[in-house]
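> 3D, please:
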Amino acid sequence: MEKDSIINHFCHEHPLRLVTYNKNHVSVSNEEEETTECYLCSEPVAVSELAYICCMSDYECSSKIILHKRCAEMPRQIQHPSHPQHILYLCTNQYESYSSVCCDLCQRLISIFWYHCRQCGFDIDISCEHLNDLLQEQRLLRHSCHEHPLMLQRKPASNFFCDGCGTNEGGEMAYICSACEFWVHRSCASLPMEKRIYHHHPLSLAFSFPFKHRKYLFEYKCDICHKSFYPAYWVYHCDLCRFFVHVKCAAQENINILTEKEEDDDSDHVIRLPVSVSDFSKEVITPFIIRQGGSMIYVDDMPTSVTMPATNSKLSMLFNYHKHPLSLIKVDDDGDNSKNEMKICDLCITPILSPPYYSCADCKYFFHLPCYLLPKTIRDDDPLYEYRPQSCQNHKLRLYASSEDREESFFLECSVCYIETTGIAYYCQACNIMIDVKCASMPTIIKHASHRNHKLIRRVPDKTYRCVGCNEDILSSFDVVYCCSNNVCDDSAIHTECAMLPPSIKHRWDKHPLLLTYDPSIDHPSDFYCEACEEEMHPKRRMYHCRECDQSFHIGCLTESGSHRNIKFGRQFEFGDLHRHPLTYNIVSLKHKCNGCGGIAYKGRGFECTNSNCSYALCENCGLKYLRERHN
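Numbers count the residues shown, from 1 in each chain. Sure thing, here's the model as predicted:
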C-alpha cells in the first residue's frame, strides 16, 4: 500500500508517502514532543493513524511535514450550502500573503488553509465543524500528479471542476479516478509536458504552482490574462524567466500577448514616457506652456538678463528664490572649468545639459528658458481643476509667489505626488493645495512604456486600482493617476509620480546606465538583491537594473528616483559663528551623528562641511533651524 500511495501535494515541495504513523516517522528533534501536529489542520496525528509524510530523508528535507490522510485528500474545490452561488477554492496562507482571515461560519481566525470564494471573499476554515460533515459526503476533486490509472468517462460530465485547469467548462469528457475522486478534462490530460508559445523559451507543465516560487504566488499574475493563480492547479512556466500562464491560456490558438495597437490621428503628438530627466523641460514643460496659451520659445527673443520678483519670505531666500540677476547663457564658455559639472534647474529640479539657460554662476543657480516662461496662473479649463477637494470651489492655481511666507514648512510638498521639492510650484491659498511644476506640466493623455498599446488618461479614479509601477494601491477619489483608456484592460493604472520616473540613471557604483525595467526576470534565473539596502527584491516588479554587471536597485533607494528626486543638493551656506567653513546641503555621507543635536545624520538630508579635513555635519532640522533664525 505504501509503495502505491505516493502523492504530490501543493503544500510541500517533495512527494508525500502514505504510512501508518508511528514515532519512527518523525525527526529526532521532534521525538521529545508529546504529539505531532498535522501541517494543514494543526490537530494531533495519532499513533497507528494513516498519514502522509515526506518521502525524503531528514538530511534531504529540512522542513518535513505530516498530514492526516483525510487532510491530504481534501478536495480543492467544493460547493457549500451556506454559499451555494459560487465554488469555494482551497487556499493557503503559508507565506502570510493574507492576514487576519476569519471563517465566515465559526468566526474563528484561520491559520494556514481554508476554502475561499474568489468573487465574494467568503471563507471557511478547513477545521470548521460546519465543514467536516459536508466533506465526508462531497469529495469532488483533489490535486495530484496522479499515479493511479484514469478511466475515460465517455459521456460528458454535467458539472465537475477539472483538477488540472480548475475550470468547469461543460460538454467535455473527463478522465476520472473513482478511488481518489480525481477528475481531469480529456484535453487537459493530453497537454504536452513542454509547449512553445510566443515566449522565447519552451514552457514546462507543472502539476501545481512551482514550490520555489510560492513565496510570490499571490503577487504573480498570468502573463497572458493577468489574473491570479491558485497553488493547486497546473501551470505552464519558464523557470528561467519566471514566466507563468494558466494551462487554458497557453492552449489558446494564435496567442498574441499584444492587443491591437490604437490608431489615432494624434498619436504622434501624445507625450511618450518615461522621458529622460534632461529632456523633461523640452518634452513636457514646453508643451505645457503652449497649452496654457504661450508661444514657441526662441532664444533670440529672450532678455539677456532677468531678475526674480522681490520677496520678504525667509523660506524663499533659502531655496526657490534668488536675489542676484541671472544672465542668459547661449554658448558655454570654453574657459569655464565648471562647464562639465551637472547643472540642475532650481525651478523644475531637472538637469541642464547644454545652453541656452539662465545662470548665476557664482551661486550655482540656474533655470531653463521654458521655466522662466511658466504661466503665472493655470487656465480654468485645465484638467488640474478637476482634482480640487470638494470643500474648495473655484480656486485659482497660481505660480507660487516667493513673497508668500509659509511658516509651517521649509519645503513645498506636492499634493499630486506627495514628494517634497525645493523647486517652484502652483499654489491654491484657499485650500492649501501645492502642485509642483513637473506634476502640473503633465498632460491629460500620455503613452507609457509600462502599458505600450493604449493611451493613459489622467484622472482621479472612481475605484481602487493597483499601480503597475510601484504595485501599491491607488486610492479611489484621492490619488491622481493615469488610467488605461481601453475597456479591455480597465484595471491598468499608474501613479503620476511613477509615470515620471526617468528611463535610466547613472550611478557611481556602476559604469553603465541603470535602466528602468518593469520585468527584470526575463532570462535571469537567480534572485535580485538591492545593492543599496541589500534586501531581496520582487523579481517581477520595476527596478533600476544593469544586466552587464547584474546590479539592481529599488526605486526608492536611489537619490535620483526616490523621495529626494525633487530636491536640489549641492548649495553652500554660511553658518557664521556656528562653524567656520561653509556647509553644503546634501545627503550626509561622512558623519554619523549631527554636531548640533547628536541625532543620526548619516544617509539623511543635511549639511556637511566643504573642507575635506573637517567632518562637521548638521542634520536637516538643525541646519534649517539655524538658517531660519539667522534670517529673522
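> For the closest residue to N566 other than its chain neighbours, grab the count of nearby residues.
On the basis of CB to CB, 6 or more residues apart in numbering, the spatially nearest residue to N566 that is not a chain neighbour turns out to be T421, at 3.7 Å. Every C-beta, even on glycine, is put in place using the N, C-alpha and C of the backbone. T421 has 26 neighbouring residues, counting by other CB atoms under 10 Å.
> My guess is T421 contacts A440. True?
No. Here T421 does not reach A440: they are 11.4 Å apart, not a contact under CB atoms under 8 Å.
> hey, which helix or strand in the protein has the poorest pLDDT?
helix 28-31 (a mean of 45; mean pLDDT, DSSP states H and E).
> Quick check: which helices or strands does whichever helix or strand comes after that one pack against?
Using DSSP states H and E, the helix or strand that follows helix 28-31 in sequence is strand 36-37. Packing partners of strand 36-37 (3 or more CB pairs under 8 Å, 6 or more residues apart in numbering; DSSP states H and E): strand 44-45.
> C-terminal to the strand it packs on, what's the next element?
In N-to-C order, the element after strand 44-45 by DSSP H and E is strand 50-54.
> That following strand pairs with which strands, and in what direction?
Taking DSSP bridges as the criterion, strand 50-54 forms sheet pairs with strand 16-20 (antiparallel), strand 66-68 (antiparallel).
> Give me the contact list for the top helix by length along the chain.
If you go by DSSP state H, the chain has its longest helix at helix 620-630. Contact with helix 620-630 is made by 314, 318, 410, 573, 575-576, 578, 583, 585, 594, 596-597, 604-607, 618, as judged by CB atoms under 8 Å, 6 or more residues apart in numbering.
> Let's see that with 10 Å instead.
For helix 620-630, the external contacting residues (CB atoms under 10 Å, 6 or more residues apart in numbering) are 314-315, 317-318, 407, 410-411, 573-576, 578-579, 583, 585, 588, 594-599, 601, 604-608, 617-619.
> What are the phi and psi values at A250?
phi -70, psi -20 (degrees, to the nearest 10).
> same check, this time on L369
In terms of degrees, to the nearest 10, the main-chain angles of L369 are phi -60, psi -50.
> mind listing the strands for the stretch 451-600 of the chain?
451-459, 465-467, 473-474, 481-484, 492-495, 504-506, 513-517, 528-529, 536-537, 543-546, 551-553, 572-573, 583-587 (DSSP state E, counting those that start in this stretch).
> Take the ones you listed and lay them out in CSV including mean neighbour count, distance to H86 and mean pLDDT.
Listed next are these as CSV, based on neighbours: other CB atoms under 10 Å; distance: least, CB to CB, whole Å; pLDDT from 0 to 100:
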stretch, mean neighbour count, distance to H86, mean pLDDT
strand 451-459, 18, 31, 82
strand 465-467, 19, 23, 82
strand 473-474, 16, 25, 82
strand 481-484, 25, 28, 85
strand 492-495, 24, 26, 86
strand 504-506, 16, 47, 89
strand 513-517, 18, 38, 90
strand 528-529, 18, 37, 92
strand 536-537, 15, 36, 90
strand 543-546, 22, 37, 92
strand 551-553, 22, 41, 91
strand 572-573, 16, 64, 86
strand 583-587, 20, 52, 91
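> is it true that L191 touches A206?
No. Using CB atoms under 10 Å, L191 is not in contact with A206; the gap is 11.2 Å.
> what residues do the two have in common as contacts?
Residues touching both L191 and A206 (CB under 10 Å, 6+ apart): W234, Y236, V247.
> still on that earlier bit, and the strands of the stretch 451-600 of the chain as a markdown table, adding distance to Y39?
Listed next are those as a markdown table, based on distance: least, CB to CB, whole Å:
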| stretch | distance to Y39 |
| --- | --- |
| strand 451-459 | 41 |
| strand 465-467 | 31 |
| strand 473-474 | 32 |
| strand 481-484 | 42 |
| strand 492-495 | 38 |
| strand 504-506 | 45 |
| strand 513-517 | 38 |
| strand 528-529 | 30 |
| strand 536-537 | 25 |
| strand 543-546 | 34 |
| strand 551-553 | 34 |
| strand 572-573 | 62 |
| strand 583-587 | 47 |
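> E560: which of these is closest?
Nearest to E560, of all these, is strand 504-506, at 4.9 Å by CB to CB.
> Parallel or antiparallel, list what pairs with that closest one.
Strands that pair with strand 504-506, judged by DSSP bridges, come out as strand 513-517 (antiparallel).
> Residues that sit against both of T421 and A440, list them.
Looking at what touches both T421 and A440 (by CB under 10 Å, 6+ apart), the common residues are C414, M434.
> which ones are touching T496?
With contact taken as CB under 10 Å, 6+ apart, T496 is in contact with 414, 416-417, 438-439, 442, 446, 458, 469, 479-482.
> 8 Å instead, please
Residues in contact with T496 (CB under 8 Å, 6+ apart) are V416, C417, C439, M442, R458, V480, V481, Y482.
> So C609 versus C91, what's the distance?
With distances taken as CB to CB, to the nearest Å, C609 is found 57 Å from C91.
> Kindly report the same for E283.
46 Å.
> So between the two, which is more surrounded?
Legend: neighbour count by other CB under 10 Å for E283 and C91, higher for C91 (24 against 15).
> about what we covered before: from the chain's centroid, how far away is the longest helix of the chain?
The chain centre lies 36 Å from the centre of helix 620-630; the measure is CA atoms, centre = their mean, to the nearest Å.
> Look up the pLDDT of the nearest residue to H454 once chain neighbours are set aside for me, please.
Leaving aside its chain neighbours, H454 sits nearest to N486 (4.2 Å; criterion: CB to CB, 6+ apart). Looking at N486, its pLDDT stands at 73.
> N486 contacts H451, correct?
No. Between N486 and H451 there is no contact under CB under 8 Å: 9.3 Å.
> and the residue lying closest to C180 once chain neighbours are set aside, how many residues sit next to it?
Distances taken as CB to CB, 6+ apart put H148 closest to C180, at 6.1 Å, once the chain neighbours are dropped. Using other CB under 10 Å, H148 is surrounded by 13 other residues.
> do the same with R70
So R70, with other CB under 10 Å, has 17 neighbours.
> List phi and psi for it.
R70 adopts backbone torsions of phi -70, psi -30, taken as degrees, to the nearest 10.
> What is the burial count for C431?
Residues contacting C431 under the criterion other CB under 10 Å number 14.
> Let me see the backbone angles for it.
The phi/psi pair for C431 (degrees, to the nearest 10) is phi -120, psi 10.
> residues contacting I494?
H448, S450, H451, L456, C467, V468, G469, V481, Y482.
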